[in-house]
Structure formats: C-alpha cells, structure tokens
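Undergrad: model this:
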Amino acid sequence: MLEKLGLIFSSFSYIFQIPFIFYLILRVKKLRIKFIEDDKDKIILVLLFISGVISSLLSSKKLEAFLVSLIPFIFVGFYILGKEGLKESNKNIIYYILLGSSILGFILFVSRIFNFSLYILEFPIVDGNAPRGLVLGVKSQGLSLLLEFGIVSGIGLLVYFERNIRDILKILLLLVFCILGFMITETRGGILGILVGLIVLISNKEFLNQLKRKWKYVLLIVFLFILAFFIFFNQFYNKLTISLQKGRQGSIYERIYIYLGTLRMIKDNLLFGVGPGCFVYEYPKYALKNFPYVPEFILGELSHAVTTHNIYFYFLSGWGIIGSSFFFYWLFKKIYKGLKFNYSLDKHIILAILMVYFGHVLLDDLFSIHVPLLIGLLNRNKEYTLVLDK
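TA: From the prediction side, this is the model:
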C-alpha cells in the first residue's frame with residue numbers, strides 16, 4: 001500500500017518524492033553492497049568519481065563543485081532503489097504514474113476554471129491565476145514533465161493492455177485530465193517530450209497492431225488533444241507567437257542566446273568543464289555581449305543565467321566531456337541492458353516514458369526520481385504478474 005501511494009503522490013508532486021525515497025531506502029537491505037553491480041560498473045563509477053574530483057579541483061568553487069559532483073552517484077543509488085525496492089508489477093506502476101499525473105491535471109484544470117488559489121503563508125498550494133500553472137510551489141516546466149509521464153503511460157496502457165470497456169473508460173478519463181493539465185502548462189520542452197515518447201511507442205510492431213485494432217480510441221485521444229487545444233487556444237497561440245518573434249521577451253531566441261554562451265564555455269573547458277554546479281559563476285564570462293534577436297533590456301538578466309536549460313549542456317559545462325561520457329555511458333548501458341533482458345510490452349511503455357524525459361530535457365534541465373527508478377525497474381531480475389489493480 002505504501003509503495004502504491006508513494007508512486008501515485010510522487011507522480012503528483014515532487015514534494016512527495018523525497019519521503020518516497022526514504023521509504024524505499026528503508027525497504028532495501030544492504031543498499032551499499034548492491035550499489036556496484038559488476039566490475040564494469042565499478043570501473044565506470046570510479047572513473048566518474050575521479051573525473052568529478054579533477055573537475056572540482058580545477059573549478060573556482062572547489063568544495064561546492066565536489067559536493068555537486070556526487071549527484072550522479074545519488075542517481076545510481078535511486079536506480080538501485082528502483083531495481084530492488086519496487087515490488088509492484090510494471091503495469092501497475094505505469095498505472096499509478098498515470099493516476100498521480102491525472103490528479104495533478106485535475107487540480108490544474110479546476111483551479112484555472114474557477115480561478116481558485118490557496119496559499120499557506122507565502123507558499124502556493126495551488127494558484128489558478130498563475131499563467132501556466134502553479135501547484136505546491138512547482139511551476140509550468142516541472143508540472144508539464146509529470147503530466148507528460150501520465151499521458152504516455154495512459155496511451156501505452158490503453159493501446160497495449162486494456163480489453164475491458166470499464167478499464168478503457170477509466171484510462172480515458174484519467175488521460176483527459178492529464179491532457180487538460182498539459183495544455184495549461186504549455187511548455188516547449190513538454191511538446192518535444194510528448195513527441196519523442198509517442199514516436200518510441202509506435203516504433204514497436206505490436207503497438208502498431210494494437211493501434212489498428214483500437215483505432216476508435218486512438219481517434220478519441222486525438223479528439224481530446226484537439227478539444228483541449230481549442231479550450232486553451234488563445235493561451236497557446238499567444239505563447240507560440242511570442243516564441244517565434246525576434247526581439248520579443250519570452251521568445252525561443254532567449255534560450256538560443258544562453259545556448260550559444262554555454263557552447264563557448266564548453267569549448268574552452270572541454271575536458272573537465274568549469275566544475276559541477278559552477279555554471280552560474282562562470283557563465284557571465286562567456287555570455288554574448290550583443291544579440292539582436294532578444295530585447296536589450298533583458299540582456300543583462302540573460303547574461304547572468306543560472307541554468308543551462310538543457311540537461312546535456314549542464315553536464316558538459318560542469319563535468320566536461322570526460323565525466324559526462326562516463327555518466328551517460330553508464331545510464332544508457334543500464335537502459336539497454338534492461339530492455340535486452342526479457343523484453344516485453346510493459347518495458348516498452350517504460351522506455352517511452354523515459355524517452356519523454358530525455359526529449360524534454362533538450363530544452364530544460366529538470367530531474368524527477370521517475371528516471372532512475374524506472375531504469376531500475378527495467379533491470380529487475382524477478383517476474384511480476386501483470387495485473388491491474390481494481
């Protein structure tokens with residue numbers, strides 16, 4: 001029961017991910033011993049640690065950089081928690097992700113329709129007046145990522161597994177709220193993430209076969225997207241218009257400005273980066289002095305950006321190409337290994353959810369515990385019965 005609630009609430013808000021991690025830590029015995037799975041892991045992680053230490057020593061904030069350099073190892077720990085601590089079936093876990101995301105979408109939609117806001121002191125529980133959503137202190141980008149997980153989970157469950165009309169209608173209802181919430185957040189990274197996730201889903205032949213059999217439900221999902229789009233048409237249209245206008249505040253050119261400066265930083269510190277977590281201190285040195293595609297009055301703010309808005313640039317700028325290569329090699333090796341072992345339709349849905357994240361973070365530097373936990377899920381050695389809880 002606690003695992004079920006943890007998965008649901010972790011998919012509703014990042015705040016609940018922290019206690020869920022502590023629950024899994026208590027559940028997994030001898031976590032330290034299980035941290036390194038084989039000799040190859042040991043070599044890669046040792047090299048990653050050494051690389052992080054070198055990057056830290058070369059940085060301007062040595063202690064801070066060293067502490068941040070440990071983040072990949074926390075990620076590895078979360079992966080072990082997913083592999084050893086999650087006991088529910090893959091299908092149930094996918095369903096709980098959908099359920100938690102749909103609750104978030106429902107709250108976003110209702111608060112927007114009724115202009116409802118609730119604050120405790122100055123902390124926002126929900127703010128229906130926030131332009132692109134605000135729930136439990138989390139703004140649009142973070143909200144969108146959780147909703148994307150829910151949308152891909154729901155589509156995967158609907159097409160791959162559901163046969164009973166009652167379960168189909170239940171999944172469709174949950175999908176409605178995920179889609180409505182996603183439209184409210186209106187993020188560019190979210191659109192990219194959804195597209196990548198859907199492409200991965202349809203890359204499987206079995207999915208396409210099921211798609212043909214359930215074409216009526218596919219049309220209904222497309223209709224729901226179109227309906228949600230028109231409900232929030234003005235908001236979406238304005239966002240798209242602003243994004244493409246040169247010299248307009250809030251345009252995509254602001255991201256391009258930051259990316260160009262970040263690439264200059266990476267080029268000058270290619271091997272070991274400027275130090276993990278040191279982007280905010282070093283970026284002003286590499287920011288472009290002039291850029292005609294953004295308003296002059298925000299150049300000063302953009303030249304002191306605190307984030308790369310791209311998770312890959314974040315690692316390359318902080319750890320350099322050496323440390324980043326070790327980490328992403330370990331990460332994608334685990335995904336490949338998990339898929340290679342006992343490949344199944346539920347694992348394909350999990351892969352699609354993961355690819356939502358890796359697509360979204362091309363335009364943002366976000367993190368959710370879903371990523372390492374789901375990679376761990378792919379690598380579980382035990383078989384779990386695929387039965388959807390009623």
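
Undergrad: Might you report the residue contacts of Gly6?
TA: Gly6 is in contact with Phe16, Pro19, Phe20, Tyr23, Leu24, counting by CB atoms under 8 Å, 6 or more residues apart in numbering. Just so you know, the C-beta spots here come from the backbone N, C-alpha and C atoms, and that holds for glycine as well.

Undergrad: switch to 10 Å and redo it
TA: Residues in contact with Gly6 (CB atoms under 10 Å, 6 or more residues apart in numbering) are 16-17, 19-24, 85-86, 96, 100, 369.

Undergrad: was I right about Ile349 contacting Leu201?
TA: Yes - the pair Ile349 / Leu201 is scored as a contact, 7.3 Å apart, by CB atoms under 10 Å.

Undergrad: Comparing those two, which residue is more hemmed in?
TA: Legend: neighbour count by other CB atoms under 10 Å for Ile349 and Leu201, higher for Ile349 (30 against 23).

Undergrad: The more buried one is in what secondary structure piece?
TA: helix 345-360 (DSSP states H and E).

Undergrad: any shared contact partners between Ile349 and Leu201?
TA: Residues touching both Ile349 and Leu201 (CB under 10 Å, 6+ apart) are Val152, Ile155, Gly156, Val159, Tyr160, Phe207.

Undergrad: Which residue comes closest to the last one once chain neighbours are left out?
TA: In space, not counting the residues next to it along the chain, Phe207 is nearest to Leu201; the distance is 5.6 Å by CB to CB, 6 or more residues apart in numbering.

Undergrad: Also the fifth one?
TA: In space, and not counting its chain neighbours, Tyr160 is closest to Leu345: 4.8 Å by CB to CB, 6+ apart.

Undergrad: Could you measure from that neighbour over to His304?
TA: 47 Å (CB to CB, to the nearest Å).

Undergrad: neighbour count winner among these two?
TA: Of the pair Leu345 and His304, Leu345 is the one with more neighbours under other CB under 10 Å, namely 18 against 11.

Undergrad: isn't that one right up against Leu339?
TA: No - counting by CB under 10 Å, Leu345 sits too far from Leu339 to count as a contact (11.9 Å).

Undergrad: rewinding a little: which strands and helices sit next to the helix holding Ile349?
TA: Applying 3 or more CB pairs under 10 Å, 6 or more residues apart in numbering; DSSP states H and E, we find helix 345-360 packed against helix 90-113, helix 140-160, helix 188-202, helix 205-213, helix 311-340, helix 370-378.

Undergrad: Mean confidence (pLDDT) on it, please.
TA: For helix 345-360, the mean per-residue pLDDT is 92.

Undergrad: Okay, buried residues for stretch 183-195 please.
TA: For stretch 183-195, burial by neighbour count (16 or more other CB atoms under 10 Å) applies to Met183, Ile184, Thr185, Glu186, Thr187, Arg188, Gly189, Gly190, Ile191, Leu192, Gly193, Ile194.

Undergrad: quick one on the thing from earlier: hey, which of the helices and strands packed on helix 345-360 is tucked in deepest?
TA: Neighbour counts (mean count of other CB atoms under 10 Å) averaged over each of those peak at helix 140-160, with a mean of 27.

Undergrad: Of the buried residues of stretch 183-195, which is the nearest to Trp330?
TA: Distance to Trp330 across the buried residues of stretch 183-195 (CB to CB) is lowest for Gly193, with 22.4 Å.

Undergrad: circling back to that earlier point, now the shared contacts of Ile349 and Leu201 in a markdown table, with pLDDT and distance to Phe73?
TA: As requested, those are exported to a markdown table (pLDDT from 0 to 100; distance: CB to CB, whole Å):
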| residue | pLDDT | distance to Phe73 |
| --- | --- | --- |
| Val152 | 93 | 28 |
| Ile155 | 88 | 34 |
| Gly156 | 88 | 31 |
| Val159 | 79 | 37 |
| Tyr160 | 75 | 34 |
| Phe207 | 73 | 35 |
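
Undergrad: That'll do, ta.
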